[in-house]
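1. Quick check, what structure comes out for this input:
(chains A, B and C)
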Amino acid sequence: MDTAVKKKKLGLKPRYRAMTRGLDWQTSYQDMDKIFPYDKYEGIKIHDWDKWEDPFRLTMDAYWKYQGEKEKKLYAVIDAFAQNNGQLGVADARYVNALKLFIQGVSPLEYCAHRGFAHAGRHFTGVGARVASQMQSIDELRHYQTQVHTISNYNKYFNGMHKNIHWFDRVWYLSVPKSFFEDAMTGGPFEFLTAVSFSFEYVLTNLLFVPFMSGAAHNGDMATVTFGFSAQSDESRHMTLGIECIKFILEQDPANVPIVQRWIDKWFWRGYRLLSLVAMMQDYMLPKRVMSWKEAWEMYAESNGGALFKDLARYGIRPPKGWEDACEGKDHISHQAWNTFYNYNAAAPFHTWTPNAEEMDWLSEKYPDTFDQYYKPRFEYFGKKHKEGERFYNTTLPMLCQICQIPMVFHEPGDPGAICYRETDHDGDKYHFCSDHCKEIFTNEPEKYVQSWLPVHQIYQGNCFPEGTDPTVEGFDPLAAVLDYYEIEVGRDNFDFADSEDRKNFREWNGGVEEEVSP
Amino acid sequence: MKLTTLTDYPYEAKDRRENFPAPLLYIGWDDHMMFCAPVCLPLPADTPFGALQAEILGGVYGAHPDFKEIDWDVVTWLKSGKPFTPDSALSLAENGLGHKDVIRFITPGLTGIKGSHA
Amino acid sequence: MSNVFIAFQANEESRPIVDSILADNPAAEAVYSPGLVKIDAPNRLVVNRETIEEEIGRDFDLQELHINLVTLSGHIDEDDDQLTLSWDH
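-> I've put the predicted structure just below:
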């Protein structure tokens, strides 16, 4: 009997090339430069797009097959979670505020990434880059959708999630992620890839996802863990796009190196500043803690980043300018960020609180050089005032950094007792920054950032009141009008966790039992 | 333009003086980081500098236990990080303060909750 | 010398994959945290389709890794038979 002969197949690499190459053409009715107007203006020189090495070689059939399997598993878990009242299983209701921060500040970025990659996917002349960008655009839309579905169950039971897109476009702290991504989307396709695929999706991504997802796992949030891991496998493809595109650009022409270096400097720093929100979440918003921000930074930035930049040194790329200051900040930024939201909780649609004694002991242990010296005293004072019925709320609008748009909360590097102030003059006006690195981003492209929509300034310009508001009437309360414009439900979405509806409800649902909550 | 663009395009700086009802002034109280950041206030140019200590700063910083202990006679000031000696009787403008200037005040001996600079 | 790593959701599907990787990469180490298994290796790590097929007793398409893959680090080289992570420089 004849044994069956296995039919010869093309290997993965040639198979992928056969499926994705040779489908493009040089246009004749219009100039190529007219069809692809964005691919040269940034000054990046590409001589040979054939040198593009595809990151993961998923053709559409494989993509739908494996993504489909992931979706079935994910939605089964989401259904089970809803059916079994999974929201009752979280460690305590304070944890849900981490999800609020996520759906408000991270999920909209997925949508921005979807748009940004769709644009990049249209405008590269290289086919490999177009395919990879288009696939990522689909992934990012998937992420937005799956995050909304995952968190929608919590939305039925807790406040602070129902208007995430409205808030994203208006609320003061959400201009931090919004301006980050809009800065990237308004750059050209090469800058976009360097900013998002490389700096964010490769260098910094683990610092976003692992804390949120491990935090979810430790705090009984099965749905978010499942979403997180389901998204992360997409992220590994995105990471490969990031590292491969950077290699490709650097290998194409030495003239690209200084341009890419400037982008790496800029986007590492912008990404680092954005991560202040994650640092705070990790150290303050997880009732059952995983690891500290400092530990996560050491694991995912310092060791991993060290290996990466050693590898890129052969192209003439050095670590980003802000690297040392970012490492110096690891002992501080989570505390500085939490303090900020504690200050301004009247104007933010999620809750904050004073850490309890056990939590402060953990913080002291994880931050032996800084927590007791610089941060514990004020949190203890906050707790004391809250107990006395005078919970502290800052009622004056803060000074913002022109670039990262975060209030000027960061310290002078090397001097944790002092705020870092930097400024420059441009075209007759002063501009202010939280750091040397935000300042340098400005001075490299001032015309871009003088156009920034800074929430505090916009409020003072009268642009953050509901339509038809008359600020000249007697008894006009600008803060109330702003909260109206934000569509924050005062007394439900905002203020301290201690007196919140979330807390009251969660306690009732759990038969009157709760973990110890400060004050 | 320093900015690399496809074409030259017209743009406007969003925070010009004329867009606000009054010039913006940024104020920081050194060593009091309980207030997470310096503040931003629109203050008419003819506001007497002395109104800051007499009326305005109390509303901003009064919640801090150090505030009522301040001896304004020994307070020192910085403007854009450099020593600045304001005249309380003169206006903000007459003291050389314009739109988006930043001033800081230092209260010797008062360095926050338990001396932690907060 | 720098570490490469690959991380999977810790579940019954990834268990034989992890075992295969540890068998083929003597210097690799697996670290577990809730829901996650991360494998670190100095400089280089190879995932072999054949080893996995021996473990699980059926044909395996290496791209199935995507279902449980969480994250990875290092340059990737991929074909039908192996996936290699490395820091060559």
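2. tally of neighbours for residue B:71?
-> 10 (other C-beta atoms under 10 Å in any protein chain shown). In this view, the C-beta of every residue, glycine as well, is placed from N, C-alpha and C.
3. and the nearest residue to it once chain neighbours are set aside, how far is that from chain C?
-> Beyond its immediate neighbours in the sequence, the residue positioned closest to residue B:71 (C-beta to C-beta, 6 or more residues apart in numbering or on different chains) is residue B:107, lying 7.7 Å away. Separation of residue B:107 from chain C (C-beta to the nearest C-beta, to the nearest Å): 47 Å.
4. Residue B:28 is in contact with residue B:107, correct?
-> No: at 11.9 Å, residue B:107 does not count as touching residue B:28 under the criterion of C-beta atoms under 8 Å.
5. show me what contacts the residue nearest to residue B:71?
-> B:29-31, B:66, B:69-71, B:74-75 (C-beta atoms under 8 Å, 6 or more residues apart in numbering or on different chains).
6. go again using 7 Å as the cut-off
-> By C-beta atoms under 7 Å, 6 or more residues apart in numbering or on different chains, residue B:107 lies in contact with B:66, B:70, B:75.
7. try residue C:86
-> C:4, C:43-44, C:74-75.
8. Okay, and the beta partners of it?
-> Note on residue C:86: beta-bridge partners by DSSP bridges are residue C:44, residue C:75.
9. and what of residue B:104?
-> With DSSP bridges as the rule, residue B:104 is bridged to residue B:28, residue B:78.
10. Give me the buried subset of the contacts of residue B:107.
-> Buried by 16 or more other C-beta atoms under 10 Å in any protein chain shown: B:66, B:70, out of the contacts of residue B:107.
11. Chain C next: which of the contacts of residue B:107 are close?
-> The subset of the contacts of residue B:107 within reach of chain C, by C-beta under 7 Å from any C-beta of the partner chain, is empty.
12. need the longest helix for chain C.
-> helix C:15-24 (DSSP state H).
13. Does anything pack onto it? Which helices or strands?
-> strand C:36-42, strand C:44-48, helix C:49-56 (3 or more C-beta pairs under 7 Å, 6 or more residues apart in numbering or on different chains; DSSP states H and E).
14. would JSON lines of those with mean neighbour count be doable?
-> Formatted as JSON lines, these follow (neighbours: other C-beta atoms under 10 Å in any protein chain shown):
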{"stretch": "strand C:36-42", "mean neighbour count": "20"}
{"stretch": "strand C:44-48", "mean neighbour count": "19"}
{"stretch": "helix C:49-56", "mean neighbour count": "17"}
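15. can you redo those as CSV with mean pLDDT?
-> As requested, those are exported to CSV (pLDDT from 0 to 100):
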stretch, mean pLDDT
strand C:36-42, 93
strand C:44-48, 97
helix C:49-56, 97
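16. closest one to residue A:74 among those?
-> strand C:36-42 (16.2 Å; C-beta to C-beta).
17. Give the pairing partners of the closest one; include direction for each.
-> Here, using DSSP bridges, strand C:36-42 pairs with strand C:3-9 (antiparallel), strand C:29-33 (antiparallel).
18. Can you tell me which of these is most buried?
-> Each of the strands paired with strand C:36-42 was scored by mean neighbour count; the highest is strand C:3-9, a mean of 24, by mean count of other C-beta atoms under 10 Å in any protein chain shown.
19. That one to strand C:44-48, inter-axis angle?
-> With axes from the mean of the first three to the mean of the last three C-alpha atoms, to 10 degrees as the basis, strand C:3-9 and strand C:44-48 are set at 40 degrees to each other.
20. So what does the residue nearest to residue B:71 have for phi and psi?
-> phi -110, psi 100 (degrees, to the nearest 10).
21. Ok, the one 3 residues further on next?
-> The phi and psi values for residue B:110, taken as degrees, to the nearest 10, are phi -110, psi 100.
22. so how far is chain A from the nearest residue in space to it that is not next to it in sequence?
-> Leaving aside its sequence neighbours, residue B:110 sits nearest to residue B:66 (C-beta to C-beta, 6+ apart; 4.3 Å). With distances taken as C-beta to the nearest C-beta, residue B:66 is found 11 Å from chain A.
23. Give me the contact list for the longest helix of chain C.
-> So helix C:15-24 is contacted by C:8, C:28, C:30, C:37, C:39, C:45-48, C:51-52, C:55-56, C:65 (C-beta under 7 Å, 6+ apart).
24. and with 8 Å instead?
-> Residues outside helix C:15-24 that contact it (C-beta under 8 Å, 6+ apart): C:6, C:8, C:28, C:30, C:37, C:39, C:45-48, C:51-52, C:54-56, C:65, C:68.
25. now it: mean pLDDT?
-> Helix C:15-24 shows an average pLDDT of 98 in the prediction.
26. One more: stretch A:307-323?
-> Rounded mean pLDDT across stretch A:307-323 is 93.
27. Pull the contacting residues for residue 78.
-> In the absence of a named chain, chain A is used. Counted by C-beta under 8 Å, 6+ apart, residue A:78 has contacts A:149-150, A:153, A:223, A:226-227.
28. not what I meant, chain C
-> A:12-13, A:56-57, C:62, C:84.
29. Spit out the contact partners of the spatially most central residue of chain B.
-> What sits nearest the mean C-alpha location of chain B, by C-alpha atoms, centre = their mean, is residue B:27, with 1.8 Å. Residues counted as contacts of residue B:27 (C-beta under 8 Å, 6+ apart) are B:38-39, B:41, B:52, B:57, B:60, B:102-105.
30. Filter these down to just the ones in strands.
-> Members of these lying in strands (criterion: DSSP state E): B:39, B:41, B:102-105.
31. so what's residue 101 up against?
-> I'll assume chain A. A:277, A:281, A:285, A:350.
32. Chain B, not that one
-> A:430, B:23, B:25-26, B:79-80.
33. What's the PyMOL line that selects buried ones from the residues you listed?
-> A single PyMOL command selects the buried members of the contacts of residue B:101 (16+ other C-beta under 10 Å):
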select buried, (chain A and resi 430) or (chain B and resi 23+25+26+79)
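34. Now the two most distant members of the contacts of residue B:101.
-> Farthest pair in the contacts of residue B:101 (C-beta to C-beta) is B:23 and B:80. Separation: 14.9 Å.
35. And residue A:423, what's its pLDDT?
-> On the pLDDT scale, residue A:423 gets 98.
36. My read is that it contacts residue B:79, right?
-> No: at 10.7 Å, residue A:423 does not count as touching residue B:79 under the criterion of C-beta under 8 Å.
37. what touches both of these two?
-> With C-beta under 8 Å, 6+ apart, residue A:423 and residue B:79 have common neighbours residue B:102.
38. Just confirm residue A:95 is within a strand.
-> No: using DSSP: H, G, I helix; E, B strand; the rest coil, the secondary structure at residue A:95 is helix, not a strand.
39. Tell me the spacing between it and residue C:27.
-> 38 Å (C-beta to C-beta, to the nearest Å).
40. Compare those two (neighbour count), which wins?
-> residue A:95 (23 against 11).
41. which ones are touching the nearest residue to residue C:50 once chain neighbours are set aside?
-> Among residues not flanking residue C:50 along the chain, residue C:81 sits closest, at 7.0 Å (C-beta to C-beta, 6+ apart). The contact partners of residue C:81, taken as C-beta under 8 Å, 6+ apart, are C:48-50, C:62.
42. what's the most distant pair in those?
-> The two members of the contacts of residue C:81 with the most space between them (C-beta to C-beta) are C:50 and C:62, at 10.3 Å.
43. Count the residues that sit near residue A:512.
-> Considering only other C-beta under 10 Å, residue A:512 is surrounded by 7 other residues.
44. again but with residue A:324, I slipped
-> 11.
45. Check the gap between it and chain B for me.
-> Distance, residue A:324 to chain B, using C-beta to the nearest C-beta: 22 Å.
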